[in-house]
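Colleague: need a 3D model of the sequence below.
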Amino acid sequence: MSASLDSRVSKIRTVALVGPAAAGKTTLLEALLQHAGAIPQVGSIERGSTVSDHDALEKRLGHSLQSSLAHFTHDGLRVHAIDTPGAPDFVGQALPALEAADTALVVINAQNGIELMAQRMLASAGERGLARLIVVNKIDAPGVDLAALLAQVREVFGKECLPLNLPVDGAKRVADCFFAARDLTGREADFSSVADAHRALVEQVVEVDAAFVDRYLTDGDVDPKELHAPLEQALREGHLIPVCFCSARTGAGIGELLSVIELLMPNPAEGNPPPFLLNPLAGKGSEPQPYPAAPDPTAHVLAHVFKIVADPYLGKMGVLRVHQGRIAKGGLLFVGHARKPIRVGHLFMLQGARHVDVDEALPGDLCAIAKVDDIAFDAVLHDAQEDEHIYLKPLDFPTPVHGVALSPARRGDEQKLWEVLSRLVDEDPCLRIDGNHETHQTLVYGLGELHLRLLLDRLRELYRGEIVTAPPRIAYRETVSAPAQGHYRHKKQSGGAGQFGEVYLRVEPLARGAGFEFIDAVKGGTIPGQFMPAVEKGVRSALASGVIAGHPLVDLRVTVYDGKHHAVDSKEIAFVTAGRRALMDAVREARPLVLEPIVQVGITAPEHAIGDITGDLAARRGQVNGTRAAVPGSLVVQGLAPLAELANYQSRLNAMTAGEGRYTLLLSHYEAVPPNMQAALVGAYRPSNDPD
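Modeller: Modelled structure (predicted):
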């Protein structure tokens, strides 16, 4: 820790509780709040009385759907905690918590073992440079084998995972393994040995500092109170991932976990610095450079918005982490590149649904500002205009590929539906909204069926009107597979000045994923330069609407090489039409293909169902790339499959696994559909008539 670090900042801890659904994160946070004295008693998920699950839908369904914040003060320290949902469909709420925390508490259900979401969040926290702490919850559950689970943790996550404490007295309490330096007599755990665990921890920590290695080899032990600096270094480097045991239900290990957070987990200056980048000024051509934000309250403000809430009373609310400087009520802040500052009229910390007014927020604090329409997810707030080019390295979110078409039952309500939907999409970076102007439908894309179903539940509550839904649409694409030429002459004469434009162009296929290239190869002024943007506009119009099946055209190069104009009759509209029709003419001769999205699918299921699953995946034109172990008794099938074949897949998976299977999708690439499917898609397309 820097000697000059503000003492107030050194007393702040910020943690994110992440991991799979049903791991007990919400109840664990309740137990921490109660132990710290922030609430009189632990709330109940069944009764809907927990601090973090405060949304009406969360209370009805009995699990978290969005991230929620709470804080408490204990032993002179202020601890901020973020409770996150564990279902893969809501990872868009869980991942941003890693941008706001210094420590990720990866919570594992002792009954279920290591699940995919635990692996995913531990890896994401490591990529973000966070200190990581594995918390094994529900250690008192019947039939759990904690020794085997710890061995599995070390096998899956690495030998750097070492227990900070161990269960004793049949998991009724836990024994500290780190500070228990020399008084280890009679302190045997339910499994393993406190002395052995202590020795392994000290050896792991001293490895990062040669001076401590020499002392350890000479003296045989080192006082753990002297190991704070190397411990923080080991956490920063991922050389140590501590493991703690607890039961949020009985309170076993909760006090010890709180002590670990307070004594061993980093303050805002002890973790890796946040990955801020400085974008070079336009025209410089250099790569963004790391920007060393410092947790100094006297420096310029740098804060990052990691959550947006559409509050019915306070309007648009931005939840942010202060990384540098001090935000004060009544102060002025700039949002990103905005030239006009906003005034911080309301500044508060969140305690679940409750807003706690505060006068200031320091580096490490999580706070919220309200009634700011210009604020958005991932925005950087600052108080000096010269900092407008600073941004935080973006997270790698999964691509939303599950789609549903929405429209209001009552004509004329489209704008109202769009506004309500936009508010909800603002809150979740893994929701995407598109407007189809041709069909007057609104398309929403999410990460899965559950994701979209709950979005619709919230939408109906806020919209208060009937909504018509259509089956999910597949985001097909079109492309070309051979070079071809196209030509169109647009000529209209209806008295007075007419319209004239003629375009010759070539199309060529590009590599999959290469996008679109437009090249002006016209010589001799046959198409004057002022009309070339109109030609490109017409070409792009055809790309957007498609040619053979009504889907966007991708991965092709268009070269305009000749044409004609008329000194009087040539107008932009004529060359827009000529460019569009010439492109359509060329594509029809270029052996066009319809492409479909291929997704990576990961299916977690009991071992006995794996044969049925792999056979079913093959029947859906999928391919299995392999299997790997998940929790004991379960395997993960990894493969590729066309998204079109996975409509309503959860229902089929439930039938094959008696409801125990689950799956995740991630867009992989696009490839050509089979010929019979292309014929069906092309045959079903009814293009609208283009006006000449």
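Colleague: paired strands for the longest strand along the chain, with orientation please.
Modeller: For the chain, the longest strand by residue count, based on DSSP state E, is strand 592-606. Based on DSSP bridges, the pairing partners of strand 592-606 within the sheet are strand 477-480 (antiparallel), strand 634-642 (antiparallel), strand 662-672 (antiparallel).
Colleague: nearest to V372, out of these?
Modeller: With distances scored as Cβ to Cβ, the stretch of the strands paired with strand 592-606 nearest to V372 is strand 662-672 (32.9 Å). Just so you know, the C-beta spots here come from the backbone N, C-alpha and C atoms, and that holds for glycine as well.
Colleague: list the buried ones in stretch 165-181?
Modeller: Using 16 or more other Cβ atoms under 10 Å as the test for burial, stretch 165-181 gives 165-168, 171, 173-180.
Colleague: buried ones in stretch 271-289?
Modeller: For stretch 271-289, the buried set under the neighbour-count rule, 16+ other Cβ under 10 Å, comprises 271, 273-277, 279.
Colleague: state the pair within the residues you listed that is farthest apart.
Modeller: Using Cβ to Cβ, the buried residues of stretch 271-289 span at most 23.9 Å, a distance reached by G271 and N279.
Colleague: point out where this structure drops to low pLDDT.
Modeller: In the predicted model, the chain carries pLDDT under 70 at residues 1-4, 181-187, 281-285, 401, 436-441, 472-473, 495-496, 630-633, 659, 688-692.
Colleague: biggest helix in it by residues?
Modeller: Secondary structure of the chain per DSSP state H: the longest helix is helix 572-589.
Colleague: mind putting the buried residues of stretch 165-181 into CSV with distance to Y663?
Modeller: Listed next are those as CSV, based on distance: Cβ to Cβ, whole Å:
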residue, distance to Y663
N165, 35
L166, 36
P167, 34
V168, 39
A171, 33
R173, 39
V174, 36
A175, 40
D176, 40
C177, 38
F178, 40
F179, 44
A180, 44
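Colleague: for the stretch 351-500 of the chain, what spans make up the strands?
Modeller: Taking DSSP state E, counting those that start in this stretch, the strands of the stretch 351-500 of the chain run over residues 354-357, 360-361, 366-370, 380-382, 390-392, 402-408, 432-436, 441-446, 467-470, 477-480, 484-492, 499-509.
Colleague: parallel or antiparallel, which strands does the third one pair with?
Modeller: Read that as strand 366-370. According to DSSP bridges, strand 366-370 forms sheet pairs with strand 315-324 (antiparallel), strand 347-351 (antiparallel).
Colleague: now, the buried residues of stretch 271-289 that are in strands?
Modeller: Mapping the buried residues of stretch 271-289 onto strands (DSSP E) picks out 276-277.
Colleague: would you mind giving the strands paired with strand 366-370 as CSV with distance to A405 and mean neighbour count added?
Modeller: Putting these into CSV (distance: least, Cβ to Cβ, whole Å; neighbours: other Cβ atoms under 10 Å) gives the following:
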stretch, distance to A405, mean neighbour count
strand 315-324, 27, 23
strand 347-351, 35, 20
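Colleague: for those strands, give me CSV that also has distance to L417.
Modeller: Below are the strands paired with strand 366-370 laid out as CSV (distance: least, Cβ to Cβ, whole Å):
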stretch, distance to L417
strand 315-324, 18
strand 347-351, 29
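Colleague: for A376, find the nearest of these.
Modeller: Distance to A376, taken as Cβ to Cβ, is lowest for strand 315-324 among these, at 7.9 Å.
Colleague: tell me what the helix or strand following the closest one is packed against?
Modeller: Using DSSP states H and E, the helix or strand that directly follows strand 315-324 along the chain is strand 327-328. In terms of contacts (3 or more Cβ pairs under 8 Å, 6 or more residues apart in numbering; DSSP states H and E), strand 327-328 is packed against strand 360-361.
Colleague: residues making contact with the strand it packs on?
Modeller: Where contact means Cβ atoms under 8 Å, 6 or more residues apart in numbering, the residues beyond strand 360-361 that reach it are 303, 322, 326-329, 347, 349, 367.
Colleague: all helices of the stretch 201-350 of the chain, in order?
Modeller: Applying DSSP state H, counting those that start in this stretch to the stretch 201-350 of the chain gives helices spanning 210-219, 228-236, 254-263.
Colleague: no further questions, thank you.
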